[in-house]
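>>> I'll drop the sequence and a predicted model, then ask my questions.
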Amino acid sequence: MRLQLLALLAKEPAHGYELKQALEQIFGDAYPSPNIGQIYVTLGRLEKDGLVRSVDVEQSNRPNKKVYFCTAEGREALLEWVDEPTEGPRVRDEFFMKLVLAPMTGIADRMALINRQRRHYLGIMRDLVELAQRTDQDNRPAQLLIEGAMLHLQADLDWLERCQEDLA
Amino acid sequence: MNPAEVRWIRADLRARRVQALLAVLAVTGIVTALITAATLLEDGTNPWRGLFERGNGAHVWIHTKDAPDPATLRTLNGVADLAGPYRSAPATLSQEGKKTPVALRETPAVPPSVGRPLMREGRWLDPRDPRGVVVERSFARALGLRPGGPFSVVGLNGATHTLTVAGTAESGDQGFYPEWAPGLVWTLPQTLAQVEPKVARSESVTGLRLADPDATALVAQRAITKLAGQVQRVSTWHEVRASMELDNRLLGVLLGLFGAAGLVAAVLAIANATGGRILSQRRDIATLKSLGFTRRQVVRMLVVEHGSLGLLGIALGVLCGRLITVYALAETVVVPLSSAPLLGIAFGTALVVLVAVWLPAWRGGRTPPLPAAAAPPRGHLSRAARLAFLVRLPPALVLGARDAFTRRLPALLTAFGLAIPMMMITIGLGYWATLDDFRDRPEQVGQAAALTVRPGMMTSEDAHRVALADPDVVAAFPGTEVDALVPGQTRTVRARALGTVSDPYPFAVVEGRLFRDRGEAVAGQGLLDLLNVRVGDRTRLTIGGTPLIVRIVGRVLEPEQDGEVLSVALDSLAPKDAVPPQFYGLVLREGADPGAVRSRLQGEALEVSQAVSLADRLSVIRVIIVALVVVLALIGLANLLTASALGLRDHALDLAVLKAMGLTPRQVMATLVTGTGLLVVLGVGAGAAAGALVSSGLIDLQGAASGIGAGIGRAPAPLTLLLAVLVAVGAALLVALIPARKAARARIPVTPR
Amino acid sequence: MSMVSTPPALRTVNLVKIYQTGGLPVPAVRGVDLTVRPGEFVAVMGPSGSGKSTLVHMLGGLDTRTSGEIWVEGTRADTLGESAWALLRRQKIGFVFQFFNLVDNMTVADNVELPALLVGASPKHARERRDYLLGELGLSGKADAAPAQLSGGEQQRVALARALANQPQVLLADEPTGNLDSRNTKDVLRLLGEVHRQGQTIVLVTHDARVAGLADRVVTLLDGQIVDDGAVLSARRRPKSGAGDVVELRG
């Protein structure tokens, strides 16, 4: 989560709770809701690495809050992250292991494995469709994220089909 | 009809207004042409019916010495109404020294309800102008009388009266002059009384209008019995009709042929248009079926849609035909077509149209309900096309050639649909050429003598001398026409003795040879058919009681009497029949005007008649040919539009691919035009060739059937034909170019079909 | 108890389709037994050439079966002739195709009214039904447009409206989103979900997992035979997986 937080801080200084809110607002339900404790731990590590700094801001009748801001080193690290290409997802090899190995031991039938896996994927797809419908249509990042997941799932289903045609 | 079907038909018609309009126009044109042709034919061959209908004619005319009691006649069983009795007196019409017998008949100033003369020119009788009379039109024409013109009549008492022509009229109660003589003049009673004061020298004519025309003989007999002893003469409508009938079988056969061919062409056009449209709609039809349209509904819908266009065309055609015959041809046509042929044409075309529509509709109904299965076929490169590629023909040509034959059957039908109109146009041109030939070279159809003179008051030697003295007369052949009784026939035929063995008349011999000796004869096809003999056979005739055995040595083109004429040399006849000759046939110098010669000779007090050119007699054919060419061109156009629309649709996807491959818009256009153009060239070429091949044969066949005889047919001149083909192909390409241009310019989306 | 007495919306018994291609028999569907209960949403999946399109075409009578039985609402339908199928189709079956297949010459309104007019509804009723459907599908303003003026998604929505015009017992769809982009797919999906919630029985051939994800049940065909047939259950009921894990899920 380091670089996500760094990116948000590069936009504007913020304290921990504000960062949590910003993440939720941008990604919506499509993104796992971040734990506030985790955010503070991450911020602490970033500060230790010199990528962010914090200042205490006094508040009337409340304890002081720590506002973080991005350092020059932080900006550099962010630039490096953005410039670097991101790795593509890998095929879920666990299912593939099952598919190849289980029939050898005689414990399972390939067709049944594929069918079960397909229903599982379709179940996920169903949830995604519902999620997409629940999510605000104007929240482009969230919608795109869900669509991305759907397309990946579609690819997995197509791949299952290939497996069924070739192996079964 | 289900409202859903109606909805679809409406939508489809809206989407293709031009095509629909063309289909309607094609049928309208054909039906109009058929009706006009049939009307002209009916009217031309029998004007009596129209005159009689319109004039509310009397079926029987009774001539009596004194006026019969109208009440007596009126009570006769079967008599519906009376005309007259009118007083009628003979007189002599004197014109430039020439005297013609004439019958003056009193007529009320108010045109009578029965036996009413039909005004053609001028006005009817007027009591304020007792000198004004109405002259029967054919008589007026023969004498050169015009409305307003004065003429003199001499009564039996020798007194001369000057009368003026108030108008001319026709009547179904009186045959045409000179077949029906004397000529008739309608006058006011007081005018008649002036010319012929003595009642004793006049007779009385009374017309009976019958309730049932079939009872004519019976009623006439009753009237004669009733008026015991008073009746001098009776004429019936049968005689009048017979005298007017022009037996013009050639025209009839010709019009029938053109009508039938036009119908075939129209059927092809409709079938093509319908078939093409339905073929391009297979997807929509499949969709409709998937929605729950049954096969029967689809067929019904298609038949109703396309059939109603045809029926609309027929209705419009009937209307146009009527309007044309009533207004445009008011001069020539007396009454519109009688109902039997009219209904025949309407129902015949309706039947034909429905069959032409039903076949493709039936095929459309068999479309499977799966829209995806209804995709158009793909063309593939034929061996010829590959060869064309090898020899580096332009790609547009090769691709176009491929496109043209992707759908074999429609391609063939399109070519055929163009070939038939083109063939008929070519045949039409053949008729035109034949008519031109009749006009320009009458000697080739047996009309070498443009004029015939009869001696009249002179001796025949004088007449011969006077005629030859005219600078334009080249030869004068003595001739006589007699009735000859033929063996096994109760009827007589015309035997014409013209020219002599030593100086024979230039007959148009087309088979065998001309007579060279006495006892030899030539005959027209009609006579050969009648006697069932061939050239070379002998036949025996009886002329004026004298038997005459002749050998028929040749067949001539014989425009008179349906070819039922035997021609011999004058010296073949017995002298009592041959001397003196009745007339002289005059052959004129080439380029001479027969009309001028005629009036010159008439000035010399000769009776001159001019041969009616066959071309003039058949001139109505020219009108019909022009009309038919227009209609046939329209049909061809309809065919063409269907073909190019279908081609465009079939290849819309290919075009996108071709463009992607780098063909320029111009090449794409060329491809499309080639696709249609090849079919056009094929159709037009085949049609013109077929037409040129059969045209003269066909005309000869008709000539033979009509009695004139084979040998009249002319093929259209090569230059005319070439021009017609070029015009047809050029026009077709131009028509194909417009949609092709549009398609080539348009951005064609690659849509799935 | 009603489950027992109500006949299935659709039922096939050992359904077989064999095409003759160049004299060779090519089996497309090889003995399919399928029962669709009223109100059920069944997705038929499978690789191309597995016979799924042929199956729905036979269910709607668009294609003839070689052997086996087809029952529509407890009535045997495979023995019906072409016309009887057409009558059955116009009352009980709505079809949606991949390529929309709207009648190009007719306006959107006419396309949608056509089925109602076909079963003999009054023009007024047909118009009301059309207004309602187009309104529901968000196409009220397009009633007088020609199909060619609409986008693919709009055309498919019109096709859907047309298929639903007579409130058919069964809606059959053959790859309804196969020719649409993702945004239009989403619209059509939403509509399918809605009509299903209103109790519409749907049998739908698709390659698109998003569409199949909407179904109650997925039937998988392979080489003309059913290899899997079962309900699609929400994955959330399983431990440790759910929508919140989307991002991790793709790890």
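Alright, I've got the coordinates.
>>> and B:Tyr498, which helix or strand is it part of?
Check again: residue B:498 is Leu, not Tyr. Using DSSP states H and E, B:Leu498 falls within strand B:492-498.
>>> now the element after that strand, going C-ward?
Per DSSP H and E, the first helix or strand lying C-terminal to strand B:492-498 is strand B:509-512.
>>> paired strands for that next one, with orientation please.
Using DSSP bridges, the strands paired with strand B:509-512 in its sheet are strand B:546-556 (antiparallel).
>>> now for the helix or strand just after the partner strand, which elements pack on it?
Once strand B:546-556 ends, the next helix or strand along the chain (criterion: DSSP H and E) is strand B:565-568. If contacts are counted by 3 or more C-beta pairs under 8 Å, 6 or more residues apart in numbering or on different chains; DSSP states H and E, strand B:565-568 sits against strand B:492-498, strand B:520-523, helix B:525-531, strand B:546-556. Where C-beta positions appear, they are placed from N, C-alpha and C, glycine not excepted.
>>> which residues are contacting the helix or strand of chain A with the lowest mean pLDDT?
Between all helices and strands in chain A, the lowest mean by mean pLDDT, DSSP states H and E belongs to helix A:93-105, at a mean of 78. Applying C-beta atoms under 8 Å, 6 or more residues apart in numbering or on different chains, the set of residues contacting helix A:93-105 from outside is A:Ala108, A:Asp109, A:Arg110, A:Leu113, A:Ile114, A:Gln117, A:Cys163, A:Leu167.
>>> change it to 6 Å
A:Ala108, A:Arg110, A:Leu113, A:Gln117 (C-beta atoms under 6 Å, 6 or more residues apart in numbering or on different chains).
>>> now do stretch B:292-311
Looking at what lies outside stretch B:292-311 - C-beta under 6 Å, 6+ apart - the contacts are B:5, B:9, B:20, B:23-24, B:27, B:270, B:274, B:285, B:353-354, B:357-358, B:361-362, B:364-365, C:82-83, C:86, C:89-90, C:118.
>>> same question, stretch B:691-710
If you take C-beta under 6 Å, 6+ apart as the criterion, stretch B:691-710 is touched by B:249-250, B:253-254, B:423, B:426-427, B:430, B:434, B:524-526, B:555, B:557, B:559, B:562-563, B:712-715, B:721.
>>> report the distance from it to the chain centre.
Computed by C-alpha atoms, centre = their mean, to the nearest Å, the chain-centroid distance of stretch B:691-710 equals 16 Å.
>>> convert that stretch to CSV, retaining C-alpha atoms only.
Coordinates of each C-alpha in stretch B:691-710 appear next as CSV, following Å, rounded to 0.1, in the frame of the first residue of the first chain:
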residue,chain,number,x,y,z
GLY,B,691,-34.9,-10.1,-83.6
ALA,B,692,-32.9,-9.5,-86.8
LEU,B,693,-32.9,-13.3,-87.6
VAL,B,694,-36.7,-13.8,-87.1
SER,B,695,-38.0,-10.4,-88.1
SER,B,696,-38.3,-10.8,-91.9
GLY,B,697,-39.3,-14.4,-91.5
LEU,B,698,-42.0,-13.5,-89.0
ILE,B,699,-43.3,-10.7,-91.2
ASP,B,700,-43.4,-13.1,-94.1
LEU,B,701,-45.3,-15.6,-92.0
GLN,B,702,-47.8,-13.0,-91.2
GLY,B,703,-47.9,-11.9,-94.8
ALA,B,704,-48.7,-15.5,-95.8
ALA,B,705,-51.3,-15.7,-93.1
SER,B,706,-53.0,-12.5,-94.2
GLY,B,707,-53.0,-13.5,-97.9
ILE,B,708,-50.5,-11.0,-99.3
GLY,B,709,-48.0,-13.7,-99.3
ALA,B,710,-44.5,-14.3,-98.0
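>>> care to break chain A down by domain?
Following automatic domain parsing, one finds the domains of chain A at A:2-83, A:93-167.
>>> possible to save those as JSON lines with mean neighbour count?
Listed next are the domains of chain A as JSON lines, based on neighbours: other C-beta atoms under 10 Å in any protein chain shown:
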{"stretch": "domain A:2-83", "mean neighbour count": "15"}
{"stretch": "domain A:93-167", "mean neighbour count": "17"}
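>>> for B:Val205, which of the helices and strands packed on strand B:565-568 is the nearest?
Nearest to B:Val205 among these is strand B:492-498; the distance by C-beta to C-beta comes to 30.2 Å.
>>> and the angle from that closest one to strand B:546-556?
80 degrees (axes from the mean of the first three to the mean of the last three C-alpha atoms, to 10 degrees).
>>> which residues touch strand B:492-498?
So strand B:492-498 is contacted by B:477, B:479-486, B:505, B:543, B:561, B:564-568, B:570, B:573, B:585 (C-beta under 6 Å, 6+ apart).
>>> then stretch C:76-94?
The contact list for stretch C:76-94 (C-beta under 6 Å, 6+ apart) reads B:292, B:294-295, C:60-61, C:65, C:69-70, C:118-119, C:163-164, C:168-171.
>>> what's the end-to-end length of that stretch?
Distance across stretch C:76-94, first residue to last, is 18 Å (C-alpha to C-alpha, to the nearest Å).
>>> let me see the mean pLDDT of it.
The pLDDT scores in stretch C:76-94 average 85.
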